[in-house]
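Participant: Here is a sequence with its predicted model. Questions after.
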Amino acid sequence: MDFQLDNNLPIWPQLLERMTERILTRRYPPGSKLPSVRELALEAGVNPNTMQRALSQLEANGLVVTNRTAGRVVTEDEAVLDATRCRLAQERIAQYFSGMAKIGYAEDDAAALIAERKEQKNGSESD
């Protein structure tokens, strides 16, 4: 598994993002035990303290629960998972519109491009 980190950006927020994505896509399903800090750090090629910081933030965000006997497990609270998924979707939508504005697209025009793409994709799937 590749974390694909950008060395020009702070590492722990990138780790937080990758781990969040893995939880939301159910690569780590609700209730599943996460690998140890050392295992994850080794996989990502980072210092265990850096990975610990990301995992602590996952816990603060409610995506992970620490259990003394089982270690860290992914939350089974679907409301937390859904709220996180929605928040991230809203952030990415805002980034899309911001990026499109930088190249001269009004929000309505940028939204129309999405609709066009969806129609093209749906049309190609029915062929």
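Facilitator: Now that the structure is in, tell me what you want to look at. Numbering: from 1, shown residues only.

Participant: moving C-terminal of the strand or helix carrying Glu43, what's the next helix or strand?
Facilitator: In this structure, Glu43 sits in helix 37-44 according to DSSP states H and E. Downstream of helix 37-44, the first helix or strand assigned by DSSP H and E is helix 48-60.

Participant: Check which helices and strands the following helix or strand past that next one is in contact with.
Facilitator: Per DSSP H and E, the first helix or strand lying C-terminal to helix 48-60 is strand 64-67. When contacts are defined as 3 or more CB pairs under 8 Å, 6 or more residues apart in numbering; DSSP states H and E, strand 64-67 sits against helix 48-60, strand 71-74. C-beta: built from backbone N, CA, C; applies to glycine.

Participant: what mean pLDDT would you report for strand 64-67?
Facilitator: Averaging pLDDT along strand 64-67 yields 92.

Participant: So what touches that strand?
Facilitator: Contacts to strand 64-67, defined as CB atoms under 8 Å, 6 or more residues apart in numbering, come from residues Ile23, Leu34, Leu55, Leu58, Glu59, Arg72, Val73, Val74, Thr75.

Participant: Dump the residues you listed to JSON lines, plus neighbour count and distance to Thr84.
Facilitator: Formatted as JSON lines, these follow (neighbours: other CB atoms under 10 Å; distance: CB to CB, whole Å):
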{"residue": "Ile23", "neighbour count": "24", "distance to Thr84": "8"}
{"residue": "Leu34", "neighbour count": "20", "distance to Thr84": "16"}
{"residue": "Leu55", "neighbour count": "24", "distance to Thr84": "15"}
{"residue": "Leu58", "neighbour count": "22", "distance to Thr84": "10"}
{"residue": "Glu59", "neighbour count": "14", "distance to Thr84": "13"}
{"residue": "Arg72", "neighbour count": "21", "distance to Thr84": "16"}
{"residue": "Val73", "neighbour count": "16", "distance to Thr84": "16"}
{"residue": "Val74", "neighbour count": "23", "distance to Thr84": "11"}
{"residue": "Thr75", "neighbour count": "19", "distance to Thr84": "9"}
